[in-house]
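> Task: produce atomic coordinates for the following.
(2 chains)
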Amino acid sequence: DTEVTQTPKHLVMGMTNKKSLKCEQHMGHRAMYWYKQKAKKPPELMFVYSYEKLSINESVPSRFSPECPNSSLLNLHLHALQPEDSALYLCASSPARGTAVYGYTFGSGTRLTVV
Amino acid sequence: GEDVEQSLFLSVREGDSSVINCTYTDSSSTYLYWYKQEPGAGLQLLTYIFSNMDMKQDQRLTVLLNKKDKHLSLRIADTQTGDSAIYFCAENTGNQFYFGTGTSLTVIP
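Here you go, the predicted model:
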């Protein structure tokens, strides 16, 4: 298995809702990443997990809460989002942080719309 | 690291060659990458080049690296309509990836 799987593919949520994005990989990668991507822009790093521990939080608002329950799973819990949080949320993984010789493997993303 | 520049748009006719350019900033970057993103999809790694190389060829793709000028290019030979997408270069500084601003390639039939 050489894929990063993200669910759901599309999500519409209200500003008072609580929802979660899920990311899964079975490549044995020990670094996992959340990126946010607005239309026609490059991905922006949000969080980095290394060996299931949060190692980078790029000053992301607390309405985004990441969780790494085990080495294969990465979640992003969403609460009280704003319309400007609407974007494509991408998950990626690499063998370990800083050793991504072959690049990161990206999932196909969750298209989030906040209404 | 953070200012990886690309031209925003490129339009070519089907069958012609496309050249997408990228200027990166960190001379210590060990690997440089090209990713392709089709509409509504994630990023697909196309190819990468190690910083001690100046050229890499992979079927229709040719990557050229000018380390002195910190310039990276991707040439797509015999461009097809399926090549229409946004192309991002990226540099790996060891700690983090930095993506370029992206080039939207349109292939005209």
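
> Are there helices or strands packed against the lowest-mean-pLDDT helix or strand in chain B, and which ones?
Across the helices and strands of chain B, the lowest-confidence element by mean pLDDT, DSSP states H and E is strand B:97-99, at a mean of 84. For strand B:97-99, the helices and strands in contact under the criterion 3 or more C-beta pairs under 8 Å, 6 or more residues apart in numbering or on different chains; DSSP states H and E are strand B:85-92. Backbone N, C-alpha and C define where each C-beta goes, glycine included.

> does the strand it packs on come close to chain A?
Yes: contact of strand B:85-92 with chain A is found when judged by C-beta under 8 Å from any C-beta of the partner chain, involving B:Ile86, B:Phe88, B:Ala90, B:Asn92.

> For the first one, give me the pLDDT.
The predicted structure scores B:Ile86 at 96 on the pLDDT scale.

> Quick check: beta-bridge partners of it?
Going by DSSP bridges, B:Ile86 is paired in beta bridges with B:Gln37, B:Ser104.

> That one contacts B:Gly102, correct?
Yes: at 4.8 Å, B:Ile86 counts as touching B:Gly102 under the criterion of C-beta atoms under 8 Å.

> In terms of packing, which of those two has more residues around it?
Neighbours around B:Ile86 and B:Gly102, counted as other C-beta atoms under 10 Å in any protein chain shown, are more numerous at B:Gly102. The numbers are 25 against 22.

> before we move on, back to that, find the residues that touch each one of B:Ile86 and B:Gly102.
Residues within reach of B:Ile86 and of B:Gly102 at once, by C-beta atoms under 8 Å, 6 or more residues apart in numbering or on different chains, are A:Lys40, B:Gln37.

> coming back round to it: give me the contact list for the least confident helix or strand of chain B.
Residues outside strand B:97-99 that contact it (C-beta under 8 Å, 6+ apart): A:42-43, A:45, A:100, A:104, B:1-2, B:4, B:24-26, B:33, B:35, B:88-91.

> Do a quick rundown of the strands in chain A.
Taking DSSP state E as the criterion, chain A contains strands spanning A:4-7, A:10-13, A:18-25, A:31-37, A:44-50, A:53-57, A:64-70, A:73-79, A:87-94, A:105-106, A:110-114.

> Nearest to B:His71, out of those?
In this view, the strands of chain A are compared for proximity to B:His71 by C-beta to C-beta, and strand A:44-50 is the closest at 24.0 Å.

> Kindly calculate the angle that that closest one makes with strand A:31-37.
If you take axes from the mean of the first three to the mean of the last three C-alpha atoms, to 10 degrees, strand A:44-50 sits at 170 degrees to strand A:31-37.

> So what's the residue count around B:Glu38?
Considering only other C-beta under 10 Å, B:Glu38 is surrounded by 14 other residues.

> Which residue, other than its chain neighbours, is closest to it?
Excluding its sequence neighbours, the residue lying closest to B:Glu38 (C-beta to C-beta, 6 or more residues apart in numbering or on different chains) is B:Ala85, at 4.7 Å.
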